[in-house]
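*Asks:* Show me how the following folds:
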Amino acid sequence: MKQIDQLTESVKDRIIEMAWEDRTPFDVIYKQFDLSESEVIKLMRREMKPSSFKMWRKRVQGRKTKHGAKSVSPHRFKSSRQRIISGNKVSKR
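*Replies:* Modelled structure (predicted):
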């Protein structure tokens, strides 16, 4: 496990971004950055304003999409509008 203090600012920003996303499970953050759910929570608490942290924590606590074991589908979320990166053409409405 990495120490939170040893992470670069860009890595911290990416972890916070992933944690904030509803569809990114903590398991993915662990695989990519070797940070457990409790370490991500510590990072979020330290790097965010108290009100933002409380709002995030309330939103993700017990959420099926944030916890792989509770997830209905083991597959990663993919929007029906998402295409292969090379052919990513979404019309503007």
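*Asks:* For L43, which residues are in contact?
*Replies:* For L43, the contact set (CB atoms under 8 Å, 6 or more residues apart in numbering) comprises I4, L7, K12, I15, I16, A19, L35. All C-beta spots, glycine's among them, are computed from the backbone N, C-alpha and C.
*Asks:* nope, Q3 is what I was after
*Replies:* Going by CB under 8 Å, 6+ apart, Q3 touches no other residue.
*Asks:* how close does it sit to K42?
*Replies:* Q3 is 11 Å from K42, where distance means CB to CB, to the nearest Å.
*Asks:* what's the answer for Y30, then?
*Replies:* 14 Å.
*Asks:* And R23, by the same measure?
*Replies:* R23 sits 22 Å away from K42, going by CB to CB.
*Asks:* cool, K58 as well?
*Replies:* 17 Å.
*Asks:* more crowded one of the two?
*Replies:* Set K58 next to K42 and count neighbours by other CB atoms under 10 Å: K42 wins out with 13 against 9.
*Asks:* Would you mind confirming that that one is in contact with I4?
*Replies:* Yes: counting by CB atoms under 8 Å, I4 is a contact partner of K42 at 6.3 Å.
*Asks:* R46 - how many residues pack around it?
*Replies:* 11.
*Asks:* Quick check: next helix or strand after the strand or helix carrying it?
*Replies:* Assessed by DSSP states H and E, R46 sits inside helix 37-47. Downstream of helix 37-47, the first helix or strand assigned by DSSP H and E is helix 50-60.
*Asks:* In CSV, could you pull the C-alpha coordinates for that next one?
*Replies:* In CSV, the C-alpha atoms belonging to helix 50-60 read as follows (Å, rounded to 0.1, in the frame of the first residue of the first chain):
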residue,chain,number,x,y,z
PRO,A,50,-15.7,19.2,4.8
SER,A,51,-19.1,19.9,3.2
SER,A,52,-18.1,18.3,-0.1
PHE,A,53,-16.6,15.3,1.7
LYS,A,54,-19.8,14.8,3.7
MET,A,55,-21.9,15.0,0.6
TRP,A,56,-19.7,12.5,-1.3
ARG,A,57,-19.6,10.1,1.6
LYS,A,58,-23.3,10.2,2.1
ARG,A,59,-23.8,9.5,-1.7
VAL,A,60,-21.4,6.6,-2.0
